[in-house]
Every structure is written in structure tokens, then in C-alpha cells.
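> next one to model:
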Amino acid sequence: LTTLATQAGKESDARTIIADVLIKDISIPMKNRADKHLKEKKTIEDTLNAKFKEWNTKKETDNKYRSRQFEKSQEIESLYNKLSELPKGTKNFAKDSTKENIFSTPLLMGCVKPGGVRRTSCSEK
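Residues are numbered from 1 along each chain as shown. Sure, this is the predicted structure:
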């Protein structure tokens, strides 16, 4: 019986030593490494999330300006189409009337002083 008790005591001491080794040399370092890994992973994920958010914001801004540019180009294209649909006679008439105004205005304005008084030495054309 004494031999069994001593043997059970030795086995108990051995189990205690094995448990201490498992805790000190394996379990605690693994826990520390896992905690360190989680902290580093969180730092990297936070950086990536911030960059992704910034990229998303720039992408939304770019898409907004591209859609605005597309709308304006469609508007310009529709205006060009409306211009091309105007009858040719109306365009020529409009050009003729502006030509008359362009040529007649400088002749009249050349005879008027800046104060609005007409010069007498101007020849009437």
C-alpha cells in the first residue's frame, strides 16, 4: 500500500509538472501570439478599411462627375441636332440681317461723338 501511495504521489507530481510545462511553455506563448496576431490583424484591417472608404468616396465623386459630363454631352448633342433641323432659309435670313447691322452700325457710330453728339464734318453715306 505504501508503494502504491508513493507511486500515486509521484504520478501526481509528474502530472503537475506536465501541467505546469503545458501552461508555461505552450499555452501562455500560444495565447500571447494569438493576441499579438489579432492586434496586428486589427491594425491592418483598420488601415485597409480606411483606404477602402477613401477609395469609395473618390469613386463616388468620379462617378458623379462622369454622369454629369454624360448628361451635359447629351444636352449638347440634342442642341446640335436641333440646330441641324432648322431650315436653311431661316439661317441665311438671319445671317443677312446681322450683316446689315454689322456694316451699318460702324458707319453711324463713326459720326457720333462719345457724348452722343453728332459730328458735322462726317460725310453721310
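
> could you use CA atoms for every contact and neighbour count after this?
Fine.

> domain-wise, how is the protein divided?
As assigned by automatic domain parsing, the chain contains the domains 2-85, 88-120.

> so for the helix or strand hosting residue 13, mean pLDDT?
In the assignment (DSSP states H and E), residue 13 maps to helix 2-21. The pLDDT scores in helix 2-21 average 91.

> kindly report the same for stretch 84-92.
So the average pLDDT for stretch 84-92 ends up being 70.

> what does stretch 49-67 give?
Computed over stretch 49-67, the average pLDDT equals 96.

> export that stretch to CSV, keeping only CA atoms.
C-alpha atoms of stretch 49-67 as CSV (Å, rounded to 0.1, in the frame of the first residue of the first chain):
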residue,chain,number,x,y,z
ASN,A,49,-11.0,49.8,-44.3
ALA,A,50,-9.9,53.5,-44.1
LYS,A,51,-8.2,53.2,-47.6
PHE,A,52,-11.3,51.4,-49.0
LYS,A,53,-13.6,54.1,-47.6
GLU,A,54,-11.4,56.8,-49.2
TRP,A,55,-11.3,54.9,-52.5
ASN,A,56,-15.1,54.5,-52.4
THR,A,57,-15.6,58.2,-51.8
LYS,A,58,-13.3,59.1,-54.7
LYS,A,59,-15.1,56.6,-56.9
GLU,A,60,-18.5,58.1,-56.0
THR,A,61,-17.2,61.6,-56.8
ASP,A,62,-15.7,60.4,-60.1
ASN,A,63,-19.0,58.6,-61.0
LYS,A,64,-20.9,61.8,-60.1
TYR,A,65,-18.8,63.9,-62.4
ARG,A,66,-18.8,61.3,-65.2
SER,A,67,-22.6,61.1,-65.1
